[in-house]
Every structure is written in structure tokens, then in C-alpha cells.
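Chemist: heads up, no residue letters with this:
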Ligand code: SF4
């Protein structure tokens, strides 16, 4: 007999499981609340469930998160956890506390197959997708672990709710490309949004993608949440090099899909992430090209400029602060909302692009990513012109 890990099941799937046990579907809601709102891992604690059901569950189900390997705390309050996901793989989860919110950065894969040049995870290669249970277990663990640590009200108590949440925001920005693990991602998102689970608003759950165009379109219909897109370049030639997925889904297609996404999105803008790389994508001219690009696309957006966190294999350098400030000013003067991301957890390698975990690579990433230096292309205007003229698809830029 297989033993089901109930962390794998959203409420609908849990209802089916209850029926298979010969129980009424509504038992699923009670069970779901015990697991996700109260953090229970032991069926004997579930005092409002009939003893006969608790006995059945004890033999056929479990509530198991991944083993914790380590916890590191930064001087700025950021906490990074490393979880064992088996076969020599480990993934990282980061909690970022701020005055008015607590954000959890969650991993979706052991490694990543996209291979962005500036990303430490990408350089580690790819091992496997995480399951729904492994994705939601990061939130389940963090929320209840921190509640206990902060001595928040005892949520194991019957009737205690989820009103004192520690984690108010989730960003799918840890290890992995979440939209390349779509089937596991969507039930996990539903559990985050479920009022009987974590009850997070769609506006406070963000999926960050390097631009998997068909899956952005599906997410719009299946489970629209806030969307962040890793842009990093104003033209296809440079983006091909920095974000290899661009060769498959070039900027014109990506931006058209972003515009379509906004018709159902919970926020009225897309966040464009832009990692600032010295001498590669950080000139004022490139900022102006970005302005032209987004104006031509008609995508309502905000820019988030990310200071690069250098690591030796990348061969890339962080832009100087003055350069970032100048780039920011060009965007803002052009009428676009733009901010510079505050670096958090730097001292424990928990900042953006630094998550590496442990990955048994199956994709030969090291050889794949040992390439010539990034080519700097001086004109991205061809893409903007093409979008304006309604010509989607790749447009070669002049070099
Ligand atoms: S930035 Fe995201 S998509 Fe790119 S390699 Fe890193 S984890 Fe993968």
C-alpha cells in the first residue's frame, strides 16, 4: 500500500483522497486547515476529526517535509534554509523580513536548465523538477517554524486561524525556472492562495520567469498571479547570450504575451527584472533602448534593477553604483517606474542570483556555459521598431 504525502495534495486532490478512504469530501477542508493553517504533522493532534478517520490516516498518509540540512541567518535578518531533496540534491529557500511584510523566496527545481549567464543556479546545471509537495513544503516549514520561533499564538489549537501570518508574500524566484515545472507549480500556487490554506492574495504571490512564453499564457488562464519577467537586455542579440531561452522566445513574442497576461493579472503591471552587468547591459544608451522597447510593446511595467552578485565562473562584474544611478535616472526620466533592489542576505549568499544549493547536474552545464565573453550589441532599436510595425519574431540587431 502506498502512503500518500498530504503536502502533495491541493484541496481538490485531498477531497478525492478522502473519498477513496470512504469519507465525505468536506473532511478535506478540515484536514487541509490542520496541515496548512496550523502546521500539524501528526494526525493525533487533529482533535475535530473522528478517531476512525485519524486511525485510517495514520496507516495511509503522512505529512512530510524535506529534511533540513542547514539554516543560516544574515546580519540583516534574512534566513536561508537548505533542504535535502534526495540523490545528492539540495535546494534553498530564503526568508526576507521587512517592516511591513515577510517574503519567502521559494525554489521550484533542483538546479535550472535555462543557464542564464549571471546566475549561480544556472551554472550548476539541472537535476530534476520539485514536486508540488516539495514546493509547498518550503512555505509550510518556514511559516510554522518561524511562528514557533517568534512565539506567535499556538496555531495547533483548535480554532486558531492564519491571521497572524509571518509570511505575507511569496516569490517563486529561488532555484529553477518555475514555468518549466508548470504541472507541479500550479497546485502549489492554489494552496498558497486557498483561504483554508495560506490565504495569500494573488497580488502577493509572484511567479518570476525567464520568459517561457506558452506557459505565461497558460498561467494567465489557470492561476493568474503577479508576474516578474527577467529581461536583462534591450535587444535579442544580447538577451540570447544572457538568457539563452530568448533564442526560442524572442523579445517581441515575450512582450506580446506579457501584454496579454495583463488582461487577467491581479496587478496592472509586469515587473521587469534587470541585472546590472558592468559594460554589458548598463549604458545610458541601453536604458533608452529599453524605454523604446517597452513603449513600443505597450506593456505597463515597472523595472527592478538588480545589483549583480559576482561569482568567478560568470566572468561578469557588478555595475558601479554611479552607473546604476545613471541608468535608473534615464528610465525614470523616460516616465517608467524603476527601483534598485536592496541587496539582502549578501553575507550568507542568499541574495538574488546567489542560490546554488547542491545539484547533481544531468545537463553538462559546466561545458555548456564555458563560452566566449558576452558580446555587447549597441543597438536594440530594431526590436522596438519591429514591434511598432507589428512584425513579431526575431529581428537581427546591427552590431
Ligand atoms: S535566472 Fe532563473 S531561469 Fe535563469 S538560470 Fe537562474 S534560476 Fe534559471
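Modeler: It's in. Because the structure is predicted, anything quoted here is derived from the model rather than measured.
Chemist: helices of the stretch 201-350 of the chain, residue ranges please.
Modeler: With DSSP state H, counting those that start in this stretch as the criterion, the stretch 201-350 of the chain has helices at 213-222, 236-242, 251-261, 284-297, 321-333.
Chemist: so which of these comes closest to residue 385?
Modeler: When the helices of the stretch 201-350 of the chain are compared for distance to residue 385 using CB to CB, the nearest one is helix 284-297, at 7.5 Å. Glycine gets a C-beta too; all of them are placed from N, C-alpha and C.
Chemist: ok, which residues in the protein are in contact with the ligand?
Modeler: 112, 114, 115, 116, 119, 121, 122, 175, 176, 177, 210, 230 (CB under 6 Å from any ligand atom).
Chemist: sorry, back to before: most packed of the helices of the stretch 201-350 of the chain?
Modeler: helix 236-242 (a mean of 23; mean count of other CB atoms under 10 Å).
Chemist: name the helices or strands packed onto it?
Modeler: If you count contacts as 3 or more CB pairs under 8 Å, 6 or more residues apart in numbering; DSSP states H and E, helix 236-242 packs onto no helix or strand.
Chemist: so for that helix, mean pLDDT?
Modeler: Over the span of helix 236-242, the pLDDT mean works out to 97.
Chemist: with stretch 42-56 instead?
Modeler: What stretch 42-56 shows for mean pLDDT is 93.
Chemist: can you check stretch 178-190 too?
Modeler: Averaged over stretch 178-190, pLDDT sits at 98.
Chemist: pull out the buried positions in it.
Modeler: The neighbour-count check on stretch 178-190 (16 or more other CB atoms under 10 Å) flags 178, 179, 180, 181, 182, 184, 185, 186, 187, 188, 189, 190 as buried.
Chemist: just checking, which of those residues belong to helices?
Modeler: Members of these lying in helices (criterion: DSSP state H): 182, 184, 185, 186, 187, 188, 189, 190.
Chemist: for the residues of the chain next to the ligand, give me JSON lines that also has neighbour count and distance to residue 355.
Modeler: JSON lines is the format used below for the residues of the chain next to the ligand (neighbours: other CB atoms under 10 Å; distance: CB to CB, whole Å):
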{"residue": "112", "neighbour count": "30", "distance to residue 355": "10"}
{"residue": "114", "neighbour count": "22", "distance to residue 355": "14"}
{"residue": "115", "neighbour count": "23", "distance to residue 355": "15"}
{"residue": "116", "neighbour count": "24", "distance to residue 355": "12"}
{"residue": "119", "neighbour count": "28", "distance to residue 355": "9"}
{"residue": "121", "neighbour count": "28", "distance to residue 355": "6"}
{"residue": "122", "neighbour count": "28", "distance to residue 355": "10"}
{"residue": "175", "neighbour count": "28", "distance to residue 355": "5"}
{"residue": "176", "neighbour count": "29", "distance to residue 355": "9"}
{"residue": "177", "neighbour count": "27", "distance to residue 355": "13"}
{"residue": "210", "neighbour count": "27", "distance to residue 355": "15"}
{"residue": "230", "neighbour count": "28", "distance to residue 355": "14"}
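Chemist: sort out for me which of those residues are in helices.
Modeler: Short answer: the residues of the chain next to the ligand in helices (DSSP H) are 121, 122.
Chemist: now, among the residues of the chain next to the ligand, which is nearest to residue 131?
Modeler: residue 176 (12.4 Å).
Chemist: need the contact list for that closest one.
Modeler: By CB atoms under 8 Å, 6 or more residues apart in numbering, the contact set of residue 176 is 91, 107, 108, 109, 110, 111, 112, 121, 129, 130.
Chemist: nearest spatial neighbour of it, chain-adjacent residues omitted?
Modeler: residue 109 (2.8 Å; CB to CB, 6 or more residues apart in numbering).
Chemist: kindly report the same for residue 143.
Modeler: residue 167 (5.1 Å).
Chemist: any idea how far residue 139 is from the one you found?
Modeler: Residue 167 is 7 Å from residue 139, where distance means CB to CB, to the nearest Å.
Chemist: now residue 169
Modeler: Distance from residue 169 to residue 139, counting by CB to CB: 11 Å.
Chemist: need the overlap of contacts for the two.
Modeler: residue 104.
Chemist: between those two, who's got more neighbours?
Modeler: Legend: neighbour count by other CB atoms under 10 Å for residue 169 and residue 139, higher for residue 139 (23 against 19).
Chemist: contact partners for the residue of the stretch 201-350 of the chain found nearest the ligand?
Modeler: Distance from the ligand to each residue of the stretch 201-350 of the chain (CB to the nearest ligand atom) is smallest for residue 210, at 3.8 Å. Residue 210 makes contact with 114, 116, 177, 229, 230, 243, 245, according to CB under 8 Å, 6+ apart.
Chemist: hmm, try it at 7 Å
Modeler: By CB atoms under 7 Å, 6 or more residues apart in numbering, residue 210 lies in contact with 114, 116, 177, 230, 243, 245.
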